[in-house]
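Enquirer: Below are the sequence and a predicted model for it; my questions follow.
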Amino acid sequence: MATKSRLSRTRNIGIAAHIDAGKTTVTERILFYTGKSHKMGEVHDGEAVMDWMPQEQERGITITSAVTTCTWENHEIHIIDTPGHVDFTIEVERSLRVLDGAVVVFCAVGGVEPQSETVWHQADKYGVPKIAFINKMDRVGANHAGTIRQMKERFNSLPLPIQIPFGEEESFRGVVDLIRQQVITWDDATKGASYGCADLPDEIRERATKHRDRMIALLADVDDGIAEKYIDGMEISEAEVIGAIRKATISLQIVPVLCGSALRNKGVQPLLDAVVRYLPSPEDIPPVKGVNPVTKQEEIRASSDKEPLAALAFKIMQEEGRKLTYLRIYSGRLHAGDELFNASRGKREKIARLLKMHANKRERVEQAGAGDIIAVMGLKEITTGDTICDEAHPILLEPIDFYEPVISLAIEAKTPADQEKLAAALNKLMEEDPTLRVKYDDETAQTVLSGMGELHLEIIADRLLREFNARVNVGKPRVVHRETIQKRVECEGIFERELGEKKHFGHVKLVLEPKKRSGGVEIVRRMEDEAAIPDELWLAMEDGVREGVLSGVLAGYPVIDIRIAISGGILKEGETTPLGCKIAASSAFREGCLKADPILLDPIMMVDIITPSEFMGEVIGDINVRRGDIQAIDPKGAVSEIRAKVPLKAMFGYSTDLRSATQGRAVFTMQFFAYDKSG
């Protein structure tokens, strides 16, 4: 048999899930069993290798996506352990953008939780094949069949169980491999490092046979070769089943489902086997698409060292004051000392060092090729989402989508010395985190940070002190609003002034109309003699309107859900200038907004609460008090899931209130839904 190429033996995978489903524990076990770490780090002890930030160790959660590399069965696996908390969704988004496959971890007790749903849809958006791992099978209330049923209901993908648990809850002993029809059990004395396969015991043989038949029937629906043999009643070999599962997984038709208990060291090695067998190598994914910035034509780059270089910067980190850039190389090769071209900025940069990362530890390498995830030192101008390529063959890859912040926090430096440190620190943090926005308020002399949630801003304030020694006073979190109008108005603006011995004139008429919620901002041209107006004046009017949209008339927040039609104006030969038109359009817009019943819109959050059923009445009552709108109540046995839309301003301090109402047993997540009027 021909030896497989380096690329076909490479896997780029992410481990993603809802907070507390156990994904960091799964990653720690993977590192232990692949020999990458010699001690199992436990999240609850603050010793997990992948949770290396002090803020992660104290809170027992993942905040930043950590990259590592390990080998299994002669395959090189690059793993990104991503956060589960909704405030750090951007970390998952940008990781999935550059990965070829994902392992989505579910909690056998909680089932399909809100954030695992978000992760799943993010993976679908980027067409990332998935494997599901149902964790915590040893916990009271573990429900393997129930979790698979929820996956069928909530996702478009078809879950294909290739294992079933051998015992459940306290009696969970191992897993049944449905492909080989064997039971796998782990040795507790070796922390699960040694495990054995045995024939099926009588107690489970009938159930296993039934589940295997169901698995083959599901595979027959998506694979013609299996279907023919299945219909004819012929024996289907193990290799044929594995081949069919791989093909259907990569084409996004099915999701293989495995199970186990990472904390009890059961089920991790078969998960690694499944990563190698079923998830794609860089060769199996379609070539990456981009646009040539010179010709504006679409181009593709196949995953090969021989193609011209194309890489995406998906993460920036500050390490000991130096900038570390994480790149996913799609094609071509990189060498330490190479001069590169940043197609997004049109600038040349030079690589100082190439580093293979293991969480926050690193190993210097001299070169890297297609399919690699590598860290680079020496790039100064680069930001998240930039494309690095060969200048002779330029390409611009699709950038990464970022989210708009919904919550802000005022901070001020304690001393002038802290003020200097603060400005430098915030610049570095903004380079790292594209969802962090910083604005200086002249009136209050405060710096306003805007981010994705209370925890997000709390971590930023903590890092300012610990990493940059910038001491700050922190104000209360505040909501970031938007503005809109409620009625149609016509308005005009006139500007006439001499500036620097030149007369500037502008006269612009606008029609402002409200749009439905989430309708965006639309600027249209509606003049009768459109052709008579030079292009530069059109562009100046549109610029003036766009400037007006950035800060509304009520409290200076951006204006949304509005249609602005440029409907007329007077042209004076020799006097009308682009500057005059721009200022006239901007003042017409402000004038119009004042007359059009402007209102403030609140960020409305989609809140998901999982509570023991006996507290459901109190939780729903509390949501109603907060002017929330209950969307759905989903009973899941001993617990119930409540989904509601609630204004963000009513959610401050909610975690404390929810804990006291439910004896600390309920959990919730929330994410931005839309801007709207709150009740």
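Expert: All right, it came through fine. Numbering: from 1, shown residues only.

Enquirer: what's stretch 624-641 in contact with?
Expert: 110-111, 114, 141, 143, 146, 606-613, 616, 620, 623, 642-647, 650-651, 654, 678-679 (C-beta atoms under 8 Å, 6 or more residues apart in numbering). No exception for glycine: its C-beta is placed from N, CA and C like everyone else's.

Enquirer: my bad, stretch 411-424
Expert: 445-449, 461, 464, 468-475.

Enquirer: Same question for stretch 184-200.
Expert: 29, 32-33, 40, 166, 173-177, 180-183, 208, 264-266, 268-270.

Enquirer: In strands, which of those appear?
Expert: Residues of the contacts of stretch 184-200 located in strands (DSSP state E): 166, 174-177, 182-183.

Enquirer: Now render those as a markdown table, adding distance to Val98, neighbour count and pLDDT.
Expert: Listed next are the ones in strands among the contacts of stretch 184-200 as a markdown table, based on distance: C-beta to C-beta, whole Å; neighbours: other C-beta atoms under 10 Å; pLDDT from 0 to 100:
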| residue | distance to Val98 | neighbour count | pLDDT |
| --- | --- | --- | --- |
| Phe166 | 37 | 24 | 91 |
| Gly174 | 35 | 23 | 92 |
| Val175 | 31 | 27 | 93 |
| Val176 | 35 | 24 | 94 |
| Asp177 | 32 | 22 | 93 |
| Gln182 | 36 | 15 | 92 |
| Val183 | 38 | 21 | 93 |
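
Enquirer: I'd like to know which of those residues is nearest to Cys593.
Expert: Cys593 lies nearest to Val175 out of the ones in strands among the contacts of stretch 184-200, by C-beta to C-beta, at 62.4 Å.

Enquirer: do you know how far the closest one is from Val183?
Expert: Distance of Val175 to Val183, given as C-beta to C-beta, to the nearest Å: 7 Å.

Enquirer: quick one: common contacting residues for the two?
Expert: Phe166.

Enquirer: quick one: least confident helix or strand in this structure?
Expert: Among the helices and strands of the chain, helix 54-59 carries the lowest confidence by mean pLDDT, DSSP states H and E, at a mean of 50.

Enquirer: Which SSE is immediately downstream of it?
Expert: Downstream of helix 54-59, the first helix or strand assigned by DSSP states H and E is strand 66-72.

Enquirer: Partner strands of whichever helix or strand comes after that following strand, with direction?
Expert: Sequence order places strand 75-81 as the next helix or strand after strand 66-72, per DSSP H and E. Applying DSSP bridges, strand 75-81 is found paired with strand 10-17 (parallel), strand 66-72 (antiparallel).

Enquirer: tell me which element the nearest residue to Gly493 once chain neighbours are set aside is part of?
Expert: Closest residue to Gly493 in three dimensions, ignoring its sequence neighbours and counting by C-beta to C-beta, 6 or more residues apart in numbering: Ala588, at 3.1 Å. In this structure, Ala588 is located in helix 578-595 according to DSSP H and E.

Enquirer: try Asp634
Expert: Applying DSSP H and E, one finds Asp634 within strand 629-636.

Enquirer: Please work out the average pLDDT along that strand.
Expert: Across strand 629-636, pLDDT averages out at 87.

Enquirer: So what touches the longest helix seen in the chain?
Expert: Criterion DSSP state H: the longest helix present in the chain is helix 202-222. Residues outside helix 202-222 that contact it (C-beta under 8 Å, 6+ apart): 158, 160-162, 164, 166, 176, 178-179, 181, 183, 200, 226-227, 230-231, 236, 241, 244-245, 248, 253-254.

Enquirer: quick one: low-confidence ranges for the stretch 301-450 of the chain?
Expert: In the predicted model of the stretch 301-450 of the chain, residues 320-321, 358-360, 402-403, 441-445 satisfy pLDDT under 70.

Enquirer: let's go with 90 and repeat that
Expert: Residue ranges of the stretch 301-450 of the chain with pLDDT under 90: 302-305, 312-328, 334-340, 344-346, 349-386, 390-391, 397-450.

Enquirer: which residues of it fall in helices?
Expert: If DSSP state H, counting those that start in this stretch is used as the criterion, the helices of the stretch 301-450 of the chain fall at 416-432.
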